[in-house]
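K.L.:
After the sequence you'll find the predicted model.
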Protein chains: 2
Amino acid sequence: MSKIDTRAVLIDEGLKALLSHGYEGAGIGPILKSAGVPKGSFYHFFESKEDFASAVLTTYCERNSVVRAQLFGDRSKSPLGRLRAYFEYYENIYGAGDPTCGCLLGNLSQSIAAHSEVLRKELNRSFTAWQEDFKSVLREARDAGELPDHLEPDEAAAFLIDAYEGALIRMKAEGSIKPLQRFRAMALEGLLAGDK
Amino acid sequence: MSKIDTRAVLIDEGLKALLSHGYEGAGIGPILKSAGVPKGSFYHFFESKEDFASAVLTTYCERNSVVRAQLFGDRSKSPLGRLRAYFEYYENIYGAGDPTCGCLLGNLSQSIAAHSEVLRKELNRSFTAWQEDFKSVLREARDAGELPDHLEPDEAAAFLIDAYEGALIRMKAEGSIKPLQRFRAMALEGLLAGDK
């Protein structure tokens, strides 16, 4: 493998391990083994486990940012319709895979935010970037008259993300995507659109 | 220490370790050391780490159930007033302590639900018991005319818990209790009461 390929494979295996075991449970040894990469080369790519987790987080956020750009850029739908499409997209992914996996942001916030100020700040920045995209769509929804008058788009964006993270936690405990469907019904149809 | 005291100390130290490090990151060795209990005696009390985590979860849920019984039993407040008091109670606790700690149910759901069907089922039962108490208060709120007509108390109970778990995650990432305040404003004042 080229250096670029090796780094990419390490990040993919790292993502799987972090999602499955959390920061402290994810061992570098097993990740290298799954990636088929010799032990010595890890520190060629990453300074530390913290640095590695940060690189995995960056890749994860970039991928999700691309999905948001695509779905939120679809002008054939109303702003709330785009938000609905966004949650349906991830519901299908979680539904097709293992419902006990989850979101890397929630996972790392839970498992490492208390112990690494570097990663906590990166997680906070990642949540904020996600939230900014939600804000834009919700401001558009307000301007299009899709939101109830009392709802402030910026606060609603933050709340939606928080509530969604909680639904992803509950999905793991229930072992089903029902909490995601409940989230959609309550947050999108209820809070945002249902009671204008 | 008596056997009962030793078990209680182990559970208290286990709770701290699980909240701080998650299931896979919490080592039995360090827990025994903090508890001042010799290594050999762990298996006198618990069959396995899974069994130990289950005992910690039971104690944690019992304690929280007592708080709910007290706060939800306070008939001097309206049903929604009691729910508000409940969230304020925990906001004060999280605000006074370390905002990077969090909820054991969310923590274990994130870190072990995918790997232990025993614990996943217990977590699911624990969430359900919590939700049942919320349901009762919300049904009372509906009967007292405190809820918007379109809101179904049972679904709202589930959604509140999910959204609150998410706010607790975000609290860890932000290192502040602002997400809990946002949750209260959006969920209690907005969804449940603000737009009747």
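P.N.:
On my side now, so go ahead. Just so we're clear, the structure is a prediction, and the values are computed from it rather than from any experiment.

K.L.:
name the element residue A:17 belongs to?
P.N.:
helix A:3-25 (DSSP states H and E).

K.L.:
whoops, residue A:47 was the one
P.N.:
Short version, using DSSP H and E: residue A:47 is in no helix or strand.

K.L.:
Point me to the residue sitting farthest from the middle of chain A.
P.N.:
What lies farthest from the middle of chain A is residue A:40; by CA atoms, centre = their mean that is 30.9 Å.

K.L.:
measure that one to chain B for me?
P.N.:
Distance of residue A:40 to chain B, given as CB to the nearest CB, to the nearest Å: 25 Å. For glycine as for every other residue, the C-beta is placed from the backbone atoms N, C-alpha and C.

K.L.:
Let me see the contact set for that residue.
P.N.:
Residue A:40 sits next to no residue when contact means CB atoms under 8 Å, 6 or more residues apart in numbering or on different chains.

K.L.:
and the lengthiest helix in chain A, what does it pack onto?
P.N.:
When chain A is parsed with DSSP state H, its longest helix is helix A:117-143. Secondary-structure packing of helix A:117-143 (3 or more CB pairs under 8 Å, 6 or more residues apart in numbering or on different chains; DSSP states H and E): helix A:49-72, helix A:79-96, helix A:104-111, helix A:153-174, helix B:153-174.

K.L.:
what's the spacing between the residue nearest the centre of chain A and chain B?
P.N.:
Nearest residue to the geometric centre of chain A (CA atoms, centre = their mean): residue A:103, 4.7 Å. In this view, residue A:103 and chain B are 9 Å apart by CB to the nearest CB.

K.L.:
Can you name the residues that contact that residue?
P.N.:
The contact partners of residue A:103, taken as CB under 8 Å, 6+ apart, are A:165, A:168.

K.L.:
returning to that earlier point: who touches the helix or strand that comes right after the helix holding residue A:17?
P.N.:
Remark: after helix A:3-25, the chain's next helix or strand is helix A:28-35, criterion DSSP H and E. The contact list for helix A:28-35, computed with CB under 8 Å, 6+ apart, reads A:6, A:9-10, A:12-14, A:16-17, A:38-39, A:42, A:49, A:52.

K.L.:
Can you tell me which of the residues you listed are buried?
P.N.:
Applying a neighbour-count criterion of 16 or more other CB atoms under 10 Å in any protein chain shown, the buried members of the contacts of helix A:28-35 are A:6, A:9-10, A:13-14, A:16-17, A:42, A:49, A:52.

K.L.:
Please work out how many residues are found near the spatially closest residue to residue A:68 that is not a sequence neighbour.
P.N.:
Nearest non-adjacent residue to residue A:68, counting by CB to CB, 6 or more residues apart in numbering or on different chains: residue A:133, 4.8 Å away. A count of neighbours around residue A:133, defined by other CB atoms under 10 Å in any protein chain shown, yields 18.

K.L.:
What pLDDT is listed against residue A:133?
P.N.:
The score at residue A:133 is 98. That number is its pLDDT.

K.L.:
Now do the same contact list for it.
P.N.:
Shown in contact with residue A:133 (CB under 8 Å, 6+ apart): A:65, A:68, A:72.

K.L.:
if I look at it, how far off is chain B?
P.N.:
16 Å.

K.L.:
and if you look at residue A:53?
P.N.:
Here the criterion is CB to the nearest CB. By it, residue A:53 lies 13 Å from chain B.

K.L.:
domain assignment for chain A?
P.N.:
A:1-46, A:49-195 (automatic domain parsing).

K.L.:
still on that earlier bit, now the angle between helix A:3-25 and the longest helix of chain A, please.
P.N.:
100 degrees (axes from the mean of the first three to the mean of the last three CA atoms, to 10 degrees).

K.L.:
residues of helix A:117-143 that come out buried?
P.N.:
A:119-120, A:122-124, A:126-127, A:130-131, A:133-135, A:137-142.

K.L.:
so that helix versus helix A:79-96, what angle?
P.N.:
Here helix A:117-143 runs at an angle of 130 degrees relative to helix A:79-96 (the same axes, to 10 degrees).

K.L.:
about what we covered before: can you put the contacts of helix A:28-35 in TSV and add distance to residue B:81 and pLDDT?
P.N.:
TSV is the format used below for the contacts of helix A:28-35 (distance: CB to CB, whole Å; pLDDT from 0 to 100):
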residue	distance to residue B:81	pLDDT
A:6	59	94
A:9	56	96
A:10	53	97
A:12	50	95
A:13	51	96
A:14	47	96
A:16	46	93
A:17	46	94
A:38	63	91
A:39	59	85
A:42	55	93
A:49	47	96
A:52	48	98
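
K.L.:
before we move on, back to that, closest to chain B among the contacts of residue A:133?
P.N.:
Checking the contacts of residue A:133 against chain B by CB to the nearest CB gives residue A:65 as the nearest, at 17.3 Å.

K.L.:
so the closest one sits right up against residue A:73, yeah?
P.N.:
No: judged on CB atoms under 8 Å, residue A:65 makes no contact with residue A:73 at a distance of 11.8 Å.

K.L.:
that older thread, buried only: go through the contacts of residue A:133 for me.
P.N.:
By 16+ other CB under 10 Å, the contacts of residue A:133 give A:68, A:72 as buried.

K.L.:
just checking, what packs against the helix holding residue A:17?
P.N.:
helix A:28-35, helix A:42-45, helix A:49-72, helix A:104-111, helix B:3-25, helix B:104-111.

K.L.:
which residues touch the fifth one?
P.N.:
Looking back up the chat, that one is helix B:3-25. So helix B:3-25 is contacted by A:21-25, A:110-111, A:114-115, B:1, B:26-27, B:30-32, B:34-37, B:41-42, B:45-46, B:49, B:52-53, B:55-56, B:59-60, B:101-102, B:104, B:107-108, B:110-112, B:116, B:119 (CB under 8 Å, 6+ apart).

K.L.:
Swap in 6 Å and give it another go.
P.N.:
Helix B:3-25 is contacted by residues A:21-22, A:24-25, A:111, B:26, B:31, B:34-35, B:37, B:45, B:52, B:56, B:59, B:101, B:104, B:107-108, B:111-112 when judged by CB atoms under 6 Å, 6 or more residues apart in numbering or on different chains.
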